[in-house]
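[1] no sequence on hand, only this structure:
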């Protein structure tokens, strides 16, 4: 495995913040060449690029923290300038209280981490992928707020006056929401009854608005997924939200060096857990948990609806695996199938839909 130090003349490590950027130029052997800071705006980005060209005029690489947040603007600017950019995780802090901490030290740690790591992390693309991500995040917020409002409405019904509670007791949840949203003021009732009706109406209308917002966002997500990767929607168990999460986590072709790397990122790669005469693997609880959740959703749907998947799980159980181990193997097979579809060069053709609907 070749290291980054063998291919560059220097690394520019950057510690990103909302308003400022701290950067250092580090040689391939880890020596600090120079340091600078700049504001986190277009002028500051140009200053950092001039600094990098002056300190490392040859082959260079940028190691950025927080590309998905405070470093997003700088990463986009450097990408347009044709610079090589890698993402580094937050550097490990010293275990003792006396550990030194400054922005420049963090930038140095970022550069040295890029030089020392075996597998560099390519930053995710923006554009269509970022459009999907912001829609997913906004829909998720709407769903959470809707759930909270529904719980609040249920609590109001439980503590409501008896005659009001009797009106709603026999209705199911969707009917309760619709009924409460159409409540009218009741001047003849006492103050508690009137204010409870007002609270129920307001809460139910909030639930309806949030559910409509979530549905509208889901339709927009579906349109983007159909444009970017319609093959995913042909797979059994993959809906618009699941497909969108897969695309957001995967980002673009070539980001993962292999199918095994993608499985590890998704948290579905097997972890050895053997001891003595026991030879087994366990679930991987690391990686991108949102992507892992999408894989888990696909797995559960296939185990319930797909005859070939049921046969696969039954065969694994007869081989001596537990139900959880069989599910782990199925997740790994589904991840392999999805990765092949995502990395396929000709992504404009759906191919054999019946083949895609089967677990590998």
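    Good, I have the coordinates. Since this is a predicted model, take the numbers as computed values, not measurements. Residues are numbered from 1 along each chain as shown.

[2] would you confirm that residue 268 contacts residue 328?
    Yes: assessed by C-beta atoms under 8 Å, residue 268 is found in contact with residue 328 at 7.3 Å. No exception for glycine: its C-beta is placed from N, CA and C like everyone else's.

[3] quickly list what's touching both of these two.
    Residues touching both residue 268 and residue 328 by C-beta atoms under 8 Å, 6 or more residues apart in numbering: none at all.

[4] which of the two has more residues huddled nearby?
    residue 268 (25 against 22; other C-beta atoms under 10 Å).

[5] please tell me how far residue 83 sits from residue 60.
    8 Å (C-beta to C-beta, to the nearest Å).

[6] now do the buried residues in the top helix by length along the chain.
    Criterion DSSP state H: the longest helix present in the chain is helix 191-228. By 16 or more other C-beta atoms under 10 Å, the buried positions in helix 191-228 come out as 196-197, 199-208, 210-211, 213-214, 217-218, 221-222, 224-225, 228.

[7] the following helix or strand past that helix - what's its average pLDDT?
    Using DSSP states H and E, the helix or strand that directly follows helix 191-228 along the chain is helix 230-233. Across helix 230-233, pLDDT averages out at 93.

[8] how about helix 230-233: buried residues?
    Of all the residues in helix 230-233, those buried under the rule 16+ other C-beta under 10 Å are 231, 232.

[9] which strands and helices sit next to that helix?
    helix 191-228, helix 240-250, helix 323-343 (3 or more C-beta pairs under 8 Å, 6 or more residues apart in numbering; DSSP states H and E).

[10] give me the angle between the first one and helix 240-250.
    The directions of helix 191-228 and helix 240-250 differ by 60 degrees, with axes from the mean of the first three to the mean of the last three C-alpha atoms, to 10 degrees as the criterion.

[11] shared neighbours, residue 83 and residue 60?
    Counting by C-beta under 8 Å, 6+ apart, the residues touching both residue 83 and residue 60 are residue 52.

[12] can you lay out the helices and strands packed on helix 230-233 as a markdown table showing distance to residue 21?
    Converted to a markdown table, the helices and strands packed on helix 230-233 look like this (distance: least, C-beta to C-beta, whole Å):
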| stretch | distance to residue 21 |
| --- | --- |
| helix 191-228 | 32 |
| helix 240-250 | 26 |
| helix 323-343 | 33 |
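
[13] go through those helices and name the closest to residue 36.
    helix 240-250 (33.5 Å; C-beta to C-beta).

[14] list the buried ones in the helix or strand just after that closest one?
    Sequence-wise, the next helix or strand beyond helix 240-250 is helix 259-266, with elements assigned using DSSP H and E. Using 16+ other C-beta under 10 Å as the test for burial, helix 259-266 gives 259, 262, 263, 264, 265, 266.

[15] and helix 259-266, what's its mean pLDDT?
    91.

[16] what's that helix packed up against?
    helix 240-250, helix 289-305, helix 323-343.

[17] so who does the residue lying closest to residue 256 once chain neighbours are set aside touch?
    Nearest non-adjacent residue to residue 256, counting by C-beta to C-beta, 6 or more residues apart in numbering: residue 262, 4.4 Å away. For residue 262, the contact set (C-beta under 8 Å, 6+ apart) comprises 250, 256, 335, 339.

[18] please repeat the previous calculation with a cut-off of 7 Å.
    Applying C-beta atoms under 7 Å, 6 or more residues apart in numbering to residue 262 gives the contacts 256, 335, 339.

[19] mind putting those residues into CSV with pLDDT?
    Output for the contacts of residue 262, formatted as CSV (pLDDT from 0 to 100):
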residue, pLDDT
256, 90
335, 94
339, 95
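
[20] which pLDDT value goes with residue 298?
    pLDDT recorded at residue 298 is 96.

[21] let me redo that: residue 1
    At residue 1, pLDDT is 50.

[22] got phi/psi on residue 12?
    Main-chain torsions, residue 12, degrees, to the nearest 10: phi -100, psi 110.

[23] in this structure it contacts residue 52, no?
    Yes: the pair residue 12 / residue 52 is scored as a contact, 4.7 Å apart, by C-beta atoms under 7 Å.

[24] which one of these two has more residues nearby?
    Higher neighbour count among residue 12 and residue 52: residue 12, with 32 against 24, using other C-beta under 10 Å.

[25] residue contacts, the more buried one?
    Applying C-beta under 7 Å, 6+ apart to residue 12 gives the contacts 23, 25, 52, 56, 60, 62, 63, 111.

[26] again, 8 Å this time
    Per C-beta under 8 Å, 6+ apart, neighbours of residue 12: 23-26, 48, 51-52, 55-56, 60-63, 111.

[27] any idea how far it lies from residue 238?
    Taking C-beta to C-beta, one finds residue 12 at 40 Å from residue 238.

[28] point out where the stretch 101-250 of the chain drops to low pLDDT.
    For the stretch 101-250 of the chain, no stretch is flagged by pLDDT under 70.

[29] hmm, 80 instead?
    In the predicted model, the stretch 101-250 of the chain carries pLDDT under 80 at residues 101, 118-119.

[30] highest neighbour count among the contacts of residue 262?
    Result: residue 335 is most packed of these (other C-beta under 10 Å), 27 neighbours.

[31] who's in contact with that residue?
    259, 262, 263, 266, 268, 295.

[32] separation between it and residue 64?
    For residue 335, the distance to residue 64 equals 28 Å [C-beta to C-beta].

[33] returning to what we had before: quick one: closest of the helices and strands packed on helix 230-233 to residue 161.
    Among these, the nearest to residue 161 by C-beta to C-beta is helix 191-228 (5.2 Å).

[34] tell me the helices and strands packed up against the closest one.
    Packing partners of helix 191-228 (3+ C-beta pairs under 8 Å, 6+ apart): helix 128-158, helix 162-168, helix 173-181, helix 230-233, helix 240-250.
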